[in-house]
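Student: structure, please.
(chains A and B, ligands or ions: 2)
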Amino acid sequence: MTILAFLIPITLGMGAVGLCVFFWSLRSNQYDDLSGDAERILFDEDRPLPAASARLSNTTKETAP
Amino acid sequence: MMSNLTSPERARAMLITGAGVLIGLTMAVLGRNDPMGAHGWIVLLFCGVLFFIVADKLYDAEPVEDRSISYYDDPTKVGILLALFWAVVAMGMGVWVASQLAWPDLRFDAAWSSFGRIRPVHTSGVIFGFGGNALIATSYHIMQRTSRARMPDQVSPWFVLLGFNLFCVVAASGYLIGITQSKEYAEPEWYADLWLVIVWVVYFVLYIRTLARRNEPHIYVANWYYLSFILVVAILHIVNNLAVPASFTGAKSYSAFAGVQDAMVQWWYGHNAVAFFLTTGFLGMLYYFLPKRAGRPIYSYRLSILSFWGIVFFYIWVGSHHLHYTALPQWVQTLGVTFSVMLLVPSWASAGNALMTLNGAWHKVRDDATLRFMMVAAVFYGLSTFEGSFMAIRPVNALSHYTDWTVGHVHSGAMGWVAMITFGSIYALTPVLWRREAMYSWKAVEWHFWLALSGTVIYVFAMWNSGITQGLMWRTYTESGTLRFSFVDTLIAMHPYYIARAFGGLLFFAGACICFWNVVMTIRRVPHHASAIDYPTTSEAMEPAVPAAE
Ligand code: HEM
Ligand code: HEM
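Tutor: Ligands and ions are numbered 1, 2, ... in the order given. Down below sits the predicted model:
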């Protein structure tokens, strides 16, 4: 079953990536206001919020971030 | 739609489709003595048509739309229509496959219409054509709305959507011609696989770029589900499809793995495809459209995040439960069982969370068939994951494996969960996308709901009966220790159930056709609805005056 020497590291690697992303989400305050986060998707503003910067002010050109 | 592209974007689109035409031509020439040549012509035709659609509009006026204050919904709309188109084609194929099992003469003696060729057209058609398009379209909607930001550009969403459909067309046509690498749910040959990798990487990058532009600091949980779907499917796809083409001028390739090793890779892929194609993406749909439609936040947001991480970490280990009692080492099988049973916890957490969200809004569920689709989907999700965890236990699997019980389990998940949540989401999304007040006919939605539900129940019950009967007959011995029933005896016993299954499938298929009709009529007949949430994107009076929501 040499294939396991291949699959298990890949799977562990995927798990490790998952873990890193999870820690990232913890550290970037993703879970600070859970009830607010759940509610906010219900607000219907059917257009994007104006961004803080002027990056969205251009009308025809592609808006680069 | 093309007139919403700026001229540099139109030029880029022509460049990409033009390159596609050249690739198609190359394949057609190189593979002229091989079935691959036919695929070359298909690629050429597909890209050629798109090339002319864009070229036709090349010198049209520049778009006047103000991109800073509108979402980009054109690809979402096309994606929804494509999903419904594939639903009708592939479920129609399903009915045909089911009928062939009941009445084998329905093969009509052609090679292309044999069971082994049209069955993968059904499975790939529903999973990738219907499910995949629905996932891509809804993800475009959800990533923009929950980020409150527009997608970063207008070419890559089209590239992903249409490129993915090219993959689906190549896959389905290949099965009919006889091109397959015989790995279930991964039948397409090497060039189609390579193409899908490119499409998928662009999809992932597009998603991340949109999230990076978000104006809402929090990333809503649905996005996590979609992201896991995109990322994990990419990895699974690459590993499982590692193969060496027999020649670059032909379709045939050989897998990089052999024997039980290949089987293990295949089911490591296979079950994670169930997990990350047929489950997590659709959970993303559930977590967005169910609260939206019910008008109340998810019951426990914390739980939805916890079950996300639970599902992600448990699912990856369960593939070996497809290979019980094989040459696979015992401990690997046991590992699969253990994680399969543990998986029940995050699965039921999601199903329960969805149902608890509806608790207190049952009057809405009673009155609104769209919401009922979502509720039934959550129930079937709970049901099929319970069944799956049960079937993963080795003694149970000894009975269920190779029988129709597996097919019953598949369809309680696929029809009851995947298709129901998709139809519910489509009904919720269509009026929003096309700015209509409601669907063209709410009665048709009711009809669809009852057809889909009764079709699923008939299908699943028929297969449970057939599968358990079959399994028990196979293991019945006479006193002298020989098998009591011949194989033909089991076929005779299953025949009535096969007829019932074909009938249930027909009901389900009829529902899908009604849905397609209803969506088209909504677009064509229902008047444009300028509600409070709808901002015409070309008038003067809409300077961004929205107070920042946070
Ligand atoms: C109109 C409704 C449908 C009908 C009549 C139908 C019929 C069938 C039939 C006859 C088979 C072959 C079973 C066998 O080989 O014994 C099959 C397999 C399959 N179908 Fe469907 N189907 C329907 C809907 C769906 C949907 C909506 C999905 C997924 C979203 C789906 C996914 C699958 C899968 C994954 C398999 C392979 C199962 C396995 O290998 O165990 N089907 N279907
Ligand atoms: C906790 C969740 C689940 C577990 C533990 C589980 C477990 C299983 C098991 C044990 C089998 C039979 C393997 C065999 O005997 O060959 C199976 C087959 C299958 N399950 Fe599930 N299942 C789960 C959820 C789902 C869901 C939600 C779907 C959705 C659509 C699904 C789709 C399938 C498919 C397509 C197959 C057939 C694969 C094939 O042989 O072609 N499963 N599952």
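
Student: list the residues that contact the closest residue to residue B:250 other than its chain neighbours.
Tutor: Excluding its sequence neighbours, the residue lying closest to residue B:250 (Cβ to Cβ, 6 or more residues apart in numbering or on different chains) is residue B:34, at 4.0 Å. Placement of C-beta: from N, CA and C, glycine included. The contact partners of residue B:34, by Cβ atoms under 8 Å, 6 or more residues apart in numbering or on different chains, come to B:249-251.

Student: same check, this time on residue B:514
Tutor: Per Cβ under 8 Å, 6+ apart, neighbours of residue B:514: B:444, B:447-448, B:451.

Student: didn't residue B:200 look like it was pressed against residue B:236?
Tutor: No: assessed by Cβ atoms under 8 Å, residue B:200 is found out of contact with residue B:236, at 10.6 Å.

Student: nearest to ligand 1 among the contacts of residue B:34?
Tutor: Proximity of these to ligand 1 (Cβ to the nearest ligand atom) peaks at residue B:251, which lies at 22.9 Å.

Student: show me what residue of the stretch 401-550 of chain B gets nearest to ligand 2.
Tutor: Closest point on the stretch 401-550 of chain B to ligand 2, by Cβ to the nearest ligand atom, is residue B:413, at 2.6 Å.

Student: can you classify that residue as helix, strand or coil?
Tutor: helix (DSSP: H, G, I helix; E, B strand; the rest coil).

Student: excluding sequence neighbours, find me the nearest residue to it.
Tutor: residue B:384 is the one closest to residue B:413 (Cβ to Cβ, 6+ apart), at 3.8 Å.

Student: please report phi then psi for the residue in the stretch 301-450 of chain B that ligand 2 sits nearest to.
Tutor: Proximity to ligand 2, evaluated over the stretch 301-450 of chain B using Cβ to the nearest ligand atom, is greatest for residue B:388 at 2.2 Å. When read as degrees, to the nearest 10, the backbone of residue B:388 gives phi -60, psi -50.

Student: what sits against residue B:223?
Tutor: B:142-143, B:146-147, B:207, B:211, B:284.

Student: can we see that at 6 Å?
Tutor: If you count contacts by Cβ atoms under 6 Å, 6 or more residues apart in numbering or on different chains, residue B:223 has none.

Student: mind showing which ranges of the stretch 401-550 of chain B have poor pLDDT?
Tutor: Applying pLDDT under 70 to the stretch 401-550 of chain B flags the ranges B:530-550.

Student: can you pull the residues of it lying near ligand 1?
Tutor: Within the stretch 401-550 of chain B, the residues that sit near ligand 1 (Cβ under 6 Å from any ligand atom) are B:406-407, B:410-411, B:414-415, B:418-419, B:505, B:508-509.

Student: these into JSON lines, with extra columns for neighbour count?
Tutor: Formatted as JSON lines, these follow (neighbours: other Cβ atoms under 10 Å in any protein chain shown):
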{"residue": "B:406", "neighbour count": "16"}
{"residue": "B:407", "neighbour count": "20"}
{"residue": "B:410", "neighbour count": "18"}
{"residue": "B:411", "neighbour count": "26"}
{"residue": "B:414", "neighbour count": "24"}
{"residue": "B:415", "neighbour count": "26"}
{"residue": "B:418", "neighbour count": "28"}
{"residue": "B:419", "neighbour count": "29"}
{"residue": "B:505", "neighbour count": "26"}
{"residue": "B:508", "neighbour count": "25"}
{"residue": "B:509", "neighbour count": "23"}
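
Student: among these, which ones are in helices?
Tutor: B:406-407, B:410-411, B:505, B:508-509 (DSSP state H).

Student: for residue 39, which non-adjacent residue is closest in space?
Tutor: Assuming you mean chain A. Per Cβ to Cβ, 6+ apart, closest to residue A:39 is residue B:297, 4.9 Å.

Student: the intended chain is chain B.
Tutor: Counting by Cβ to Cβ, 6+ apart, residue B:39 lies nearest to residue B:170, which is 5.7 Å off, once chain neighbours are set aside.

Student: with only the CA atoms kept, save the worst-scoring helix or strand of chain A on mean pLDDT in PDB.
Tutor: Taking mean pLDDT, DSSP states H and E as the measure, chain A has helix A:34-40 as its least confident helix or strand, at a mean of 88. C-alpha atoms of helix A:34-40 as PDB (Å, rounded to 0.1, in the frame of the first residue of the first chain):
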ATOM      1  CA  LEU A  34     -21.500  36.400  15.500                       C
ATOM      2  CA  SER A  35     -25.100  37.400  16.000                       C
ATOM      3  CA  GLY A  36     -24.500  40.600  14.100                       C
ATOM      4  CA  ASP A  37     -22.700  38.800  11.300                       C
ATOM      5  CA  ALA A  38     -25.700  36.400  11.000                       C
ATOM      6  CA  GLU A  39     -28.200  39.200  10.800                       C
ATOM      7  CA  ARG A  40     -26.400  41.400   8.400                       C
END
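
Student: so how far is that helix off the chain centroid?
Tutor: 16 Å (Cα atoms, centre = their mean, to the nearest Å).

Student: quick one: contacts of it?
Tutor: Against helix A:34-40 from outside (Cβ under 6 Å, 6+ apart): B:218, B:297-298, B:301-302.

Student: residue B:132 and residue B:373, how far apart?
Tutor: Residue B:132 is 19 Å from residue B:373, where distance means Cβ to Cβ, to the nearest Å.
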